[in-house]
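*Asks:* return atomic coordinates for the entry below.
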Amino acid sequence: MKLFLHGGGGGRKDSVELDKKFVSVLDLSKPILYIPIAIDTSKYPYPGCLLWISDLFSTLGVSKIIMWTEDDLKNKTEKDFEQFGGVYIGGGNTFKLLKELKEFGTFEIIKKLAQKDIPICGGSAGAIILSKTIIPALSADPNDVGLKDFSALNLLQDYDVWCHYNQSMNNDIKTYMKEYGLKKIIAIPEDAGLFMSEYGIEAVGPNIITLFSDKDKIFKPGEYIL
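*Replies:* Alright, predicted model coming up:
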């Protein structure tokens with residue numbers, strides 16, 4: 001698999017190291033699929049989202065980006081996804097994102113694409129759904145859609161993911177682990193990320209990654225989380 005998880009920073013400086021890695025494994029003869037359906041469109045309309053991601057990747061040599069929203073995804077089959085060299089899943093409300101991906105059938109398609117080594121990149125909510133559950137999102141996102149099944153794609157070796165992390169959240173993370181029986185959470189600051197490949201899960205800078213488990217540990221950029 002080739003999975004890329006952003007901590008949630010929206011600026012180019014926050015994500016540039018992980019974005020470079022993502023682009024380096026893409027088949028640039030094919031477009032990237034951008035899925036922004038987690039976003040609050042009353043604040044960030046879809047045309048502006050497409051401009052944002054196009055600007056983000058243009059300096060890295062990516063010129064072909066296609067955006068699919070709800071109306072597109074509900075009518076797509078796995079074969080429709082074969083035209084893309086990679087998939088970028090944007091941030092927003094994690095519960096809305098997971099509910100709709102499951103309803104549209106996109107959830108299972110993404111899992112199959114990842115197993116075929118199609119690069120998948122997720123930012124914030126888009127990163128959390130790649131992990132075991134979306135329970136850590138309860139700390140930040142309202143579950144307005146009434147989602148009851150919090151199980152996610154579980155492509156990250158049974159880890160849960162906590163995005164937008166800073167040290168002031170340590171007690172909250174420990175509380176969630178105890179309350180919900182979570183065994184291991186990777187906490188990602190906004191200016192850091194994860195890259196999972198056949199070699200393992202690599203911390204990507206510039207900031208460090210923190211693992212919360214029975215033995216908490218910090219990982220510097222370039223180190224592998226074991």
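
*Asks:* so which residues make contact with the helix or strand bottoming out on mean pLDDT in the chain?
*Replies:* Within the chain, no helix or strand scores below helix 12-24, which has a mean of 89 by mean pLDDT, DSSP states H and E. Under the criterion Cβ atoms under 8 Å, 6 or more residues apart in numbering, residues 4-7, 9, 56-57, 59-62, 86, 88, 119, 121, 123, 190-191, 193-195, 204-206, 221 lie in contact with helix 12-24. Quick note: C-beta positions are derived from backbone N, CA and C, even for glycine.

*Asks:* ok, the spatially most central residue of the chain to P136 distance?
*Replies:* Closest to where the C-alpha atoms of the chain average out (Cα atoms, centre = their mean) is A127, at 1.7 Å. A127 is 11 Å from P136, where distance means Cβ to Cβ, to the nearest Å.

*Asks:* who touches both of these two?
*Replies:* Contacts common to A127 and P136, judged by Cβ under 8 Å, 6+ apart, are 161, 163.

*Asks:* stretch 71-84: end-to-end distance?
*Replies:* Length of stretch 71-84, first residue to last, Cα to Cα, to the nearest Å: 18 Å.

*Asks:* tell me which residues of it come out buried.
*Replies:* 72-73, 81, 84 (16 or more other Cβ atoms under 10 Å).

*Asks:* ok, now which ones touch S151?
*Replies:* 132-133 are the contacts of S151 under Cβ under 8 Å, 6+ apart.

*Asks:* may I see the buried residues of stretch 71-84 arranged in TSV, with pLDDT as well?
*Replies:* Below are these laid out as TSV (pLDDT from 0 to 100):
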residue	pLDDT
D72	97
L73	97
F81	97
F84	97
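
*Asks:* residues in contact with K132?
*Replies:* K132 sits in contact with 151-152, 154, 156, 158-160, where contact means Cβ under 8 Å, 6+ apart.
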